[in-house]
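In: no sequence on hand, only this structure:
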């Protein structure tokens with residue numbers, strides 16, 4: 001007996017890549033105002049991920065959902081402004 005060939009399964013079409021936030025060109029300025037002394041490790045590591053490590057230092061970042069989520073974690077330690 002011969003085996004019947006099964007039809008090849010079609011692979012799903014690749015989704016179109018989402019446009020990066022950098023394409024919009026919107027930037028925000030994040031300034032650390034609070035100290036990390038006595039803070040939990042998640043908050044300390046989030047500030048490092050944002051590029052901040054000492055009070056009164058600023059960083060201009062691309063306004064993306066990932067950055068906004070990080071800012072939400074440490075919103076009591078930073079000030080956010082529109083970058084000019």
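Out: Cool, the structure landed. This one's a predicted model, so the numbers in the text were calculated from it and none came from an experiment.
In: CA atoms for contacts and neighbours, from now on please.
Out: OK.
In: just the strands in the chain please.
Out: For the chain, the strands defined by DSSP state E occupy 27-32, 58-62, 78-82.
In: who touches the first one?
Out: Read it as strand 27-32. With contact meaning Cα atoms under 8 Å, 6 or more residues apart in numbering, strand 27-32 is reached by 52-63, 77-83.
In: could I have the buried ones of these as PyMOL selection syntax?
Out: To isolate the buried subset of those in PyMOL, counting by 16 or more other Cα atoms under 10 Å, use the following:
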select buried, resi 52+53+58+60+61+62+63+77+78+79+80
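In: picking that back up, of all the strands of the chain, which lies closest to residue 4?
Out: With respect to residue 4, and counting by Cα to Cα, the nearest of the strands of the chain is strand 58-62 at 55.5 Å.
In: residue closest to the middle of the protein?
Out: Computing the C-alpha centroid of the chain and ranking residues by Cα atoms, centre = their mean puts residue 66 first, at 2.3 Å.
In: residues in contact with stretch 60-79?
Out: 21-22, 25-35, 43, 46-47, 50, 83.
In: buried subset of those, written for PyMOL?
Out: Buried members of the contacts of stretch 60-79, defined by 16+ other Cα under 10 Å, are picked up in PyMOL with:
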select buried, resi 27+28+29+30+31+32+33+43+46+47+50
